[in-house]
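1. with the input below, show me the fold.
(2 chains)
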There are 2 protein chains.
Amino acid sequence: MTAKNAFYAQSGGVTAVINASACGVIETARRHPDQIAKVYAGRHGIIGALTEDLIDTSQESDAAIAALRHTPSGAFGSCRYKLKSLEANRREYERLIEVFKAHDIGYFFYNGGGDSADTCYKVSQLSEAMGFPIQAIHVPKTVDNDLPITDNCPGFGSVAKYIATSTLEASFDVRSMAKTSTKLFVLEVMGRHAGWIAAAGGLVEDHGIPVVILFPEIEFDQQRFLARVKELVERHDYCTVVVSEGAKHPDGRFLAEQGTRDAFGHAQLGGAAPVVANLVKEALGYKFHWAVADYLQRAARHLASRTDVEQAYAVGRAAVEFALAGHNAIMPTIRRVSQQPYAWEIGEAPLAEVANVEKFMPRDFISADGFGITSVCKDYLLPLIQGEDFPPFENGLPKYVTLENAPVPKKLDTPFEL
Amino acid sequence: MTAKNAFYAQSGGVTAVINASACGVIETARRHPDQIAKVYAGRHGIIGALTEDLIDTSQESDAAIAALRHTPSGAFGSCRYKLKSLEANRREYERLIEVFKAHDIGYFFYNGGGDSADTCYKVSQLSEAMGFPIQAIHVPKTVDNDLPITDNCPGFGSVAKYIATSTLEASFDVRSMAKTSTKLFVLEVMGRHAGWIAAAGGLVEDHGIPVVILFPEIEFDQQRFLARVKELVERHDYCTVVVSEGAKHPDGRFLAEQGTRDAFGHAQLGGAAPVVANLVKEALGYKFHWAVADYLQRAARHLASRTDVEQAYAVGRAAVEFALAGHNAIMPTIRRVSQQPYAWEIGEAPLAEVANVEKFMPRDFISADGFGITSVCKDYLLPLIQGEDFPPFENGLPKYVTLENAPVPKKLDTPFEL
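-> Below you'll find the predicted structure:
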């Protein structure tokens, strides 16, 4: 067997640990030069393959690749570009396979969420049909934690740790100020469809913090919400609200869409946090502060969960090992084999069962009143935030790596319209 | 000399390290039982003294007091309550001294910013005049870094480290996404009057990040701002903006006051970040993300600067040592005695020169175009964010202490209207 090259690409929103998966892929491939010649990465994800803009990772030092393990974001660039269905744009898939063929690529490692699992699956099917079979392995990644079959998704544990820590710290702050000043703190977190990240805010309850969670899975009931906030403030003198960006009114509008207009009558984009804070202020008069964590939460490698980093690396390594063992059209999964003490191992799921399936919070993870998490949910979440894995610091700041990202000379050099 | 009791109170917005100063005060006092009997803390700051609601810190274990060093927020509660002038409300000052007299308090340690320095000064003057002299020492604290004489203020270094780190991490994220998605990231930071915190965002420039800073000290010039953003995005494909909450239009309005109205015509409170992001979107069409750090930045003890923690502790310890050496109406300061390598020592400033003076960013700390920081500013900032001092973690989250805060039995038990 002659060694083939491998192609690796990052897809969709990046995370604090997606580069740890890249590190797992590349370091493992480097240990098998007899089977994998070089790992090429797509510059800006799959777009790099479509436009034949490949990065030669073999030009990077071992130290630079090792540093990916502690560097957030997507080191090769990611993209939001969903390939259409085979029927709608077969040309795109054919182009991918032409590029792979031109660069002697036998392995396709695609690091992303549900959409990329779908693309990965189609590439494996079509390449077979086109007579240039490629082993396509999907490497799971998403802060949203919404992939099926796997117990959890790399990227989520670190966001959960960041949100739980930030909620704890800001709640201590509000508690200090509540006598004469702020009584309400509202933190907006990511998760347009699923409330996994918001749920992490609920972990502070066991630290004595009065917290209300607004999940996308639960219709917003303004009166009950205000009553709950009032009850908590009357008992504790303050209250923290963690609101998912995906929280919705019963009519389906996001809380963030408040119909606000600027002085010129233009609709304004705001966040859910200021909307919720103003709502409480108008009804109950409490002085508030609010924060929107946005990219800070998914980029916060400085506070990554060690469990998450290890799992992100492990799915990258497993992807290569599965490929070398001849597997195809699969995704390495994380299996929880023991709860107490927590133990996990790598499993395997067929992409046909992963693609286009979204996993929401089970109803029994959310408390009966819809504003908190249950002990079942805490048992699920806590292992995922265990352990710290601080990056090295230099001159006061984390020392993150920026790769050389040297281009692979083009072989086709034919233009491709995206 | 019989041992007197000491009174300690936290004032104004709390920080990641104000409890480290409390730790410095209490641990040092405990080493001098012959001179300081007990340290009483004000429950909710100075209000605790006015209402005779004192906390007996002697009931706390040594371990609990030691844990204050790594616990953010105000462990005894703070307040936003500014004592009026002696002329306007002499009764408040007299009440303070009555309470101090009733509880045999000879030392007053007041941990706060400019307003509390002023209060501290007046207490020292009036107590002398009333024949019950109290040694009043101000312990500096403010994330705003705006106290005079001292080279920097405890609390600031940790916020600066958090903002620089978060700006770096989020910028890496945007850089990954810029090809097909987000090209602009806007982070809103604290600092209503002075741009010290915003300046910390400028430290990422040396990490290759294209960043624009909007300072409160520089009038917002919309056309020049848009031109600068456009230039950076055209060169780097993305750009990060760090906007101070205090950034203002030439007519004095805050950027955050956008005249937005909700569906009912009510004025909406928003943040400067969404305003700036929408402005760029309308003019240049760039997809954006924005974050508002709010309390997260000043409560982020998990990412404190070791230098800041050490200085916060040191000013607490020095306050007690100055008091025991007979000093009065002073504030311990931090003196920069060497720049390269950075070295500092504790100095001393008379409160008469500290009270009600605000220190702004010197103009030579801000680049000529008003959108960045100079090398002089970097030389000033970098030493303050040096070193890490991670708190202990337990079960995935920082292990912060919540004190017992046992009350001191009242001696006066007379009501006092705030």
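2. what helix or strand does the residue sitting furthest away from the middle of chain A sit in?
-> Taking C-alpha atoms, centre = their mean, the residue of chain A most remote from its mean C-alpha position is A:Thr180, at 38.9 Å. Assessed by DSSP states H and E, A:Thr180 sits outside every helix and strand.
3. verify the stated contact: it with B:Gly48.
-> No. Using C-beta atoms under 8 Å, A:Thr180 makes no contact with B:Gly48, being 11.4 Å away. Every C-beta, even on glycine, is put in place using the N, C-alpha and C of the backbone.
4. and the contacts of the lowest-mean-pLDDT helix or strand in chain A?
-> Lowest mean confidence among the helices and strands of chain A (mean pLDDT, DSSP states H and E): helix A:114-129, at a mean of 91. Helix A:114-129 is contacted from outside by A:11-12, A:46, A:82-83, A:86, A:90, A:93-94, A:96-97, A:100, A:108, A:110, A:133-138, A:140, A:142, A:146-147, A:328-329, A:331, A:351-352, A:354-358, using C-beta atoms under 8 Å, 6 or more residues apart in numbering or on different chains.
5. swap the cut-off to 7 Å and go again
-> The contact list for helix A:114-129 (C-beta atoms under 7 Å, 6 or more residues apart in numbering or on different chains) reads A:11-12, A:46, A:82-83, A:86, A:93, A:96-97, A:108, A:110, A:133-134, A:136, A:138, A:146-147, A:328-329, A:331, A:351-352, A:354-358.
6. ok, for A:Gly195, nearest residue in space, not its chain neighbours?
-> Counting by C-beta to C-beta, 6 or more residues apart in numbering or on different chains, A:Phe215 is the residue found nearest to A:Gly195 once chain neighbours are left out, at 3.5 Å.
7. per-residue pLDDT, that neighbour?
-> Looking at A:Phe215, its pLDDT stands at 97.
8. likewise A:Glu234?
-> For A:Glu234, pLDDT reads 98.
9. that one: what secondary structure?
-> helix (DSSP: H, G, I helix; E, B strand; the rest coil).
10. start to end distance for stretch A:382-400?
-> By C-alpha to C-alpha, to the nearest Å, the extent of stretch A:382-400 from end to end equals 27 Å.
11. and that stretch with chain B, contact?
-> Yes. Residues of stretch A:382-400 are located near chain B by C-beta under 7 Å from any C-beta of the partner chain, namely A:Leu382, A:Ile385, A:Gln386, A:Glu388, A:Phe390, A:Phe393, A:Asn395, A:Gly396, A:Leu397, A:Pro398, A:Tyr400.
12. break chain A into its domains for me.
-> Following automatic domain parsing, chain A resolves into domains at A:4-141+A:301-355+A:389-398, A:156-299.
13. nearest to B:Ser78, of those domains?
-> Within the domains of chain A, the stretch nearest B:Ser78 is domain A:156-299; the backing value is 5.0 Å (C-beta to C-beta).
14. is it true that A:Ser158 lies in a helix?
-> Yes. Judged by three-state DSSP, A:Ser158 forms part of a helix.
15. tell me which two of the residues of stretch A:382-400 next to chain B sit farthest apart.
-> The most widely separated members of the residues of stretch A:382-400 next to chain B, counting by C-beta to C-beta, are A:Leu382 and A:Asn395 (34.5 Å).
16. between those two, which one's more packed in?
-> Shown here are A:Leu382 and A:Asn395; by other C-beta atoms under 10 Å in any protein chain shown, A:Leu382 has more neighbours (20 against 11).
17. and that one, helix, strand or coil?
-> Classification of A:Leu382 using three-state DSSP returns helix.
18. hey, where'd the strands end up in chain A?
-> A:4-10, A:36-42, A:54-56, A:105-112, A:135-140, A:184-189, A:211-214, A:239-244, A:288-292, A:330-339, A:342-350, A:393-394, A:397-398 (DSSP state E).
19. residue contacts, the nearest residue to A:Ser127 once chain neighbours are set aside?
-> Distances taken as C-beta to C-beta, 6+ apart put A:Ile134 closest to A:Ser127, at 4.1 Å, once the chain neighbours are dropped. Going by C-beta under 7 Å, 6+ apart, A:Ile134 touches A:Phe100, A:Ile105, A:Gly106, A:Phe108, A:Val123, A:Ser124, A:Ser127.
20. phi, psi of A:Ile134?
-> The phi and psi values for A:Ile134, taken as degrees, to the nearest 10, are phi -120, psi 140.
21. surely A:Tyr107 and A:Ala6 touch.
-> Yes. Assessed by C-beta atoms under 7 Å, A:Tyr107 is found in contact with A:Ala6 at 3.9 Å.
22. could you export the domains of chain A as a markdown table, including distance to B:His289?
-> A markdown table is the format used below for the domains of chain A (distance: least, C-beta to C-beta, whole Å):
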| stretch | distance to B:His289 |
| --- | --- |
| domain A:4-141+A:301-355+A:389-398 | 10 |
| domain A:156-299 | 5 |
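23. out of the ones you listed, nearest to B:Ala199?
-> When those are compared by C-beta to C-beta, domain A:4-141+A:301-355+A:389-398 sits nearest B:Ala199, at 13.9 Å.
24. returning to that earlier point: in helices, which of the contacts of helix A:114-129 appear?
-> A:Ile46, A:Tyr93, A:Leu96, A:Ile97, A:Leu351, A:Ala352, A:Val354 (DSSP state H).
25. most neighbours out of the residues you listed, which is it?
-> Neighbour counts for the ones in helices among the contacts of helix A:114-129 (other C-beta under 10 Å) peak at A:Ile46, which has 27 neighbours.
26. which residues touch the nearest residue in space to it that is not next to it in sequence?
-> Closest residue in space to A:Ile46, ignoring its immediate chain neighbours: A:Ala9 at 5.3 Å, by C-beta to C-beta, 6+ apart. By C-beta under 7 Å, 6+ apart, the contact set of A:Ala9 is A:Ala41, A:Gly42, A:Gly45, A:Ile46, A:Gly48, A:Ala49, A:Tyr110, A:Asn111.
27. what is the burial count for the closest residue to A:Ala200 other than its chain neighbours?
-> Distances taken as C-beta to C-beta, 6+ apart put A:Ala160 closest to A:Ala200, at 3.7 Å, once the chain neighbours are dropped. By the criterion of other C-beta under 10 Å, A:Ala160 has 29 neighbours.
28. contacting residues for A:Ala160?
-> Contacts for A:Ala160 (C-beta under 7 Å, 6+ apart) come out as A:Ile197, A:Ala200, A:Leu381, A:Leu384, A:Ile385.
29. related to what we said a few turns ago, for the closest residue to the residue farthest from the centre of chain A other than its chain neighbours, grab the count of nearby residues.
-> Counting by C-beta to C-beta, 6+ apart, A:Thr180 lies nearest to B:Cys79, which is 4.3 Å off, once chain neighbours are set aside. Neighbourhood size, B:Cys79 [other C-beta under 10 Å]: 26.
30. what sits against the closest residue in space to A:Ala343 that isn't next to it in sequence?
-> Residue nearest to A:Ala343 in three dimensions, not counting chain neighbours: A:Val337, with 5.0 Å by C-beta to C-beta, 6+ apart. When contacts are counted by C-beta under 7 Å, 6+ apart, A:Val337 is found next to A:Ala343, A:Trp344, A:Glu345.
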